[in-house]
Each structure stands twice: as structure tokens, then as C-alpha cells.
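Novice: Here is a sequence together with a model predicted from it:
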Amino acid sequence: MAPRPEGVKPTCVVITYSVSKDIKATREVLDERGASVHYIIDKDGAQKEYHNDLTDQAFYAGKSSWKGEVGVNKFGIGVMLINDAKSDLPEEQIGKLKEFLKDVAERYPDLDLKHDLVGLGAVTVNREGNAHIASGSKFPWKELAEAGFGRYFETTQEQKSEVLLSLDSTGEKVNTLQENLKEYGYGVESTSTFDQFTQ
């Protein structure tokens, strides 16, 4: 933990998951790695606060950016859910997360939790293409979006199976995609090449 830079307030909430089975094991792993989060929410909905989200920066995002700002640890609120990335999240856990986000929205009215609630994988920068997958495939983005937190885009099976671009495609279509991703908040460079990082 370290103090946030002077004058910096939270501008996004970053969701990740533990992989470890419980809070005790999770804390041990975080301590071993010199990592930290502001909050951990257990499967039963118990919420533990480890750092003040206004004054302290936690260390969970590593090399990262969001909406053109580098170093998400400086301005993000890190929330870890106890989950193995393969199992559905219990109702109690998601219910507590919604309560938490409502509290954050009340404390930070300028923080746009419709657009600035993100998974760790959305903010981490890895040019080799080995993206972090958090918040994970089981995270209920649709349910949260219906409650006013985050965004969810419905896609049909036909859309999912349609190949629009393949790896190493180049051209204006790729550049437009990269510009759109950048405008949304992702740290993507406009190279006009559909590389692993863009994927």
C-alpha cells in the first residue's frame, strides 16, 4: 500500500478474482507477491476492507491504463472476489458487490460506474497478448448492467460465429476497431494490424 498521488481521486473500479479458495489463502498469495486490493468479497457476501479507497492506492493492476491514463493503481479501486474463475458466483456475493457499488456511487458521484466498472483484463497492458481474463467468464455482467453498473452487449450466436477479422489482418477496418477500443477506454494503439494485443 502507498498513498494516492496528491489530488487524485478514484475514477474507476476494477474487478478481479482470487483463484484461491478463501480469504486467508488469498491474503497469503497477495502478501507473497507484494500485491494488494482495497476490498475482498467472500462467497458468502462477507466484505473485508484492507485499504482506504480515497487515500490509499493498492497494488493489483501492474502495468495498466484506462481511458488514456497510465497506472491504474493510482486512480482505481481494486475489488477481489473469492472465485476460482470456473464457478458461478453465489447470489450472496453478487448482492454484496451491488451494495458495495451503490455505496461507491454515493461516495464518489463523479465516478461513472456505468462506463468505469471494468475487469482487470480490460486495464492490464501486455503486448505479448497473454491478457489477464479477470473478471472471468462467469462474471455476471448482464445482471450488474441491469442494476446500473457496467455495460453488457448482447450478441447472437450468428454474430459470435461470424469471423470479421483474423490475426494479422490489416487495413482501415482494423484501424477503425482500434480507434473504437481506444475511445471506449482500452490501451490499444492504432497500428492498423489485428495483432494479439488488439485481439
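Specialist: Here it is on my side, so go on. Numbering: from 1, shown residues only.

Novice: mind checking the end-to-end distance for stretch 87-95?
Specialist: Stretch 87-95 has an end-to-end distance of 16 Å (CA to CA, to the nearest Å).

Novice: Beta-bridge partners for the closest residue in space to Leu97 that isn't next to it in sequence, please?
Specialist: Distances taken as CB to CB, 6 or more residues apart in numbering place Ile41 nearest to Leu97, at 5.8 Å, with adjacent residues excluded. In this view, the C-beta of every residue, glycine as well, is placed from N, C-alpha and C. On the basis of DSSP bridges, Ile41 is bridged to Gln47, Leu81.

Novice: hang on, isn't Ile41 packed against Gln47?
Specialist: Yes - applying CB atoms under 8 Å, one finds Ile41 in contact with Gln47, separated by 5.1 Å.

Novice: Who are the contact partners of the residue nearest to Leu97?
Specialist: Gln47, Lys48, Val79, Met80, Leu81, Ile82, Gln93, Lys96, Leu97, Phe100 (CB atoms under 8 Å, 6 or more residues apart in numbering).

Novice: so what's the most centrally placed residue in the chain bridging to?
Specialist: The residue lying closest to the centre of the chain (CA atoms, centre = their mean) is Gly119, at 1.8 Å. Note on Gly119: beta-bridge partners Ile15, judged by DSSP bridges.

Novice: Please name the residues that touch it.
Specialist: By CB under 8 Å, 6+ apart, Gly119 lies in contact with Val14, Ile15, Thr16, Ile133, Ala134, Ser135, Gly136, Phe139.

Novice: Is the second one in contact with Lys138, as I believe?
Specialist: No - judged on CB under 8 Å, Ile15 makes no contact with Lys138 at a distance of 11.8 Å.

Novice: And those two? Which one has more around it.
Specialist: Between Ile15 and Lys138, counting by other CB atoms under 10 Å, Ile15 is the more crowded of the two (26 against 14).

Novice: Now do the same contact list for that one.
Specialist: Counting by CB under 8 Å, 6+ apart, Ile15 touches Val79, Leu81, Leu117, Val118, Gly119, Leu120, Ala134, Ser135, Phe139.

Novice: With adjacent residues omitted, what lies nearest to the third one?
Specialist: Counting by CB to CB, 6+ apart, Gly150 is the residue found nearest to Leu117 once chain neighbours are left out, at 4.1 Å.

Novice: residues touching the one you found, list them.
Specialist: The contact partners of Gly150, taken as CB under 8 Å, 6+ apart, are Leu113, Lys114, Leu117, Val118, Trp141, Leu144.
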